[in-house]
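S.K.: only geometry, no sequence info:
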């Protein structure tokens, strides 16, 4: 069976705008998730993660005019609303970058050893670590803030987790461009 085509559709007219791609098969999704798992080491360095998040915000802002145009063409939400949502998304990306650099999200606790205590206290250290790949399911009504580069994706990347996004079918062209 051939993969189903994915079309960008104008909600105002119901007409197809462009063919964006084809739906991924189960096997293709498996390959992508495994590749994300293998890429997790590239997110180990907090400085790299913070730079990646800021760079994503910069790229979104640089492309804002074309992104808003595509988003409006697929959602009919209007330029004012979409520009505000895109600004919010860029703010979120930069805010998470600051949190990554600051580091308190790691929840580091160090209990120093005390051999004289009864019973003796060992050297105990705890901090939060990323667990693995995060799946993000994009929302239809927030094509920037709860989609490919939105808060769920930003927070997972900030924590050091690779992300695989299931784009929403109502804005596939925008999702492809943002990715």
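M.R.: Thanks, I have it. Note that this is a predicted model, so its numbers are computed, not measured.
S.K.: In contact with the residue nearest in space to the middle of the chain, which residues?
M.R.: With distances taken as C-alpha atoms, centre = their mean, residue 153 lies nearest the centre of the chain, 2.0 Å away. Residue 153 makes contacts with 134, 136, 147, 163, 165, as judged by C-beta atoms under 8 Å, 6 or more residues apart in numbering. Just so you know, the C-beta spots here come from the backbone N, C-alpha and C atoms, and that holds for glycine as well.
S.K.: centre of the chain versus the longest strand anywhere in the chain, how much separation?
M.R.: In the chain, assigned by DSSP state E, the strand with the most residues is strand 16-22. When distances are taken as C-alpha atoms, centre = their mean, to the nearest Å, strand 16-22 is centred 23 Å away from the chain's centroid.
S.K.: Show me what it is packed up against.
M.R.: On a contact count with 3 or more C-beta pairs under 8 Å, 6 or more residues apart in numbering; DSSP states H and E, strand 16-22 meets strand 5-9, helix 172-178.
S.K.: Which parts of this protein are strands?
M.R.: 5-9, 16-22, 109-111, 124-126, 134-137, 163-166.
S.K.: Residue 177 is nearest to which of those?
M.R.: Evaluated over the strands of the chain, closeness to residue 177 peaks at strand 16-22, with 9.5 Å, by C-beta to C-beta.
S.K.: where in this protein is pLDDT low?
M.R.: Along the chain, the model assigns pLDDT under 70 to residues 1.
S.K.: Now do the contacts for the closest residue to residue 53 other than its chain neighbours.
M.R.: Distance criterion C-beta to C-beta, 6 or more residues apart in numbering; nearest residue to residue 53, sequence neighbours excluded, is residue 97 at 4.0 Å. Residues in contact with residue 97, defined by C-beta under 8 Å, 6+ apart, are 49-51, 53-54, 57, 158.
S.K.: Spell out which residues sit in contact with residue 124, please.
M.R.: Contacts of residue 124 (C-beta under 8 Å, 6+ apart): 109-111.
S.K.: want to throw those residues into a markdown table with distance to residue 33 and neighbour count?
M.R.: A markdown table is the format used below for those (distance: C-beta to C-beta, whole Å; neighbours: other C-beta atoms under 10 Å):
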| residue | distance to residue 33 | neighbour count |
| --- | --- | --- |
| 109 | 32 | 9 |
| 110 | 35 | 9 |
| 111 | 37 | 11 |
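S.K.: will you turn the residues you listed into CSV that also has distance to residue 5?
M.R.: Below are the contacts of residue 124 laid out as CSV (distance: C-beta to C-beta, whole Å):
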residue, distance to residue 5
109, 52
110, 55
111, 58
